[in-house]
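Q: no sequence on hand, only this structure:
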């Protein structure tokens, strides 16, 4: 009986010490405030790099910016470059790591590119005209994060172009993002 009691106490203490050591090494994802992501679909399909940085203010809010560079001159994507600051509100805050789940985002995009529709009938050549525009819009999405800090996000948004530099009246944002919170 004494051996069983001693073994039980040692067994419980062993798991207590192991658990205490693990707690010292692992920082919960809610305590991590910085996040970087990369747009996967644009990168794989058309040579467009979109990197995103987000500062997680608390479990309900975050803000940051996205930088987009179109490195493939052969595609006719509307943006050649853009800087897009954003502010997010998260609505599923009861989860363990916070700043994840369904979100609504407000953004302003400063972007430039080329209008490809211009055709000069006198010289029978197309004239690509460079432009700069500003767009204000809203986005919706969902973010997942695991305990190690890896992030997967899907987002879609649209904004109204304000300067009429682009041949389009609206700008659409979205992608599947893969990243890490640290």
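A: It's in. Not measured: the values here are computed from a predicted model.
Q: for the host helix or strand of residue 156, packing partners?
A: Using DSSP states H and E, residue 156 falls within strand 150-161. The helices and strands touching strand 150-161, judged by 3 or more C-beta pairs under 8 Å, 6 or more residues apart in numbering; DSSP states H and E, are strand 34-39, strand 101-115, strand 129-145, strand 170-181. In short, each C-beta sits where N, CA and C put it, glycine included.
Q: check which residues of it are buried.
A: By neighbour count with 16 or more other C-beta atoms under 10 Å, strand 150-161 contains the buried residues 151-153, 155, 157, 159, 161.
Q: kindly report the same for stretch 82-92.
A: For stretch 82-92, burial by neighbour count (16+ other C-beta under 10 Å) applies to 82, 84, 86, 88, 90.
Q: for those, give me TSV that also has secondary structure.
A: Formatted as TSV, these follow (DSSP: H, G, I helix; E, B strand; the rest coil):
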residue	secondary structure
82	strand
84	strand
86	strand
88	strand
90	strand
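Q: for the protein, name the helix or strand with the lowest mean pLDDT.
A: helix 2-25 (a mean of 48; mean pLDDT, DSSP states H and E).
Q: where does this protein have low pLDDT?
A: Residues of the chain meeting the criterion pLDDT under 70: 1-30, 93-97, 116-127.
Q: would you list the helices and strands packed on strand 150-161 in CSV and tack on distance to residue 74 and mean neighbour count?
A: Shown next, in CSV, are the helices and strands packed on strand 150-161 (distance: least, C-beta to C-beta, whole Å; neighbours: other C-beta atoms under 10 Å):
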stretch, distance to residue 74, mean neighbour count
strand 34-39, 19, 19
strand 101-115, 12, 18
strand 129-145, 17, 17
strand 170-181, 20, 19
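Q: export those strands to CSV and append columns for distance to residue 52.
A: CSV is the format used below for the helices and strands packed on strand 150-161 (distance: least, C-beta to C-beta, whole Å):
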stretch, distance to residue 52
strand 34-39, 4
strand 101-115, 11
strand 129-145, 11
strand 170-181, 6
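Q: of all those strands, which one is nearest residue 70?
A: Of all these, it is strand 101-115 that lies closest to residue 70, at 7.5 Å by C-beta to C-beta.
Q: next one: the closest one to chain centre, how far?
A: Relative to the mean C-alpha coordinate of its chain, strand 101-115 is positioned 11 Å out (C-alpha atoms, centre = their mean, to the nearest Å).
Q: ditto for stretch 139-158
A: For stretch 139-158, the distance to the chain centre is 6 Å (C-alpha atoms, centre = their mean).
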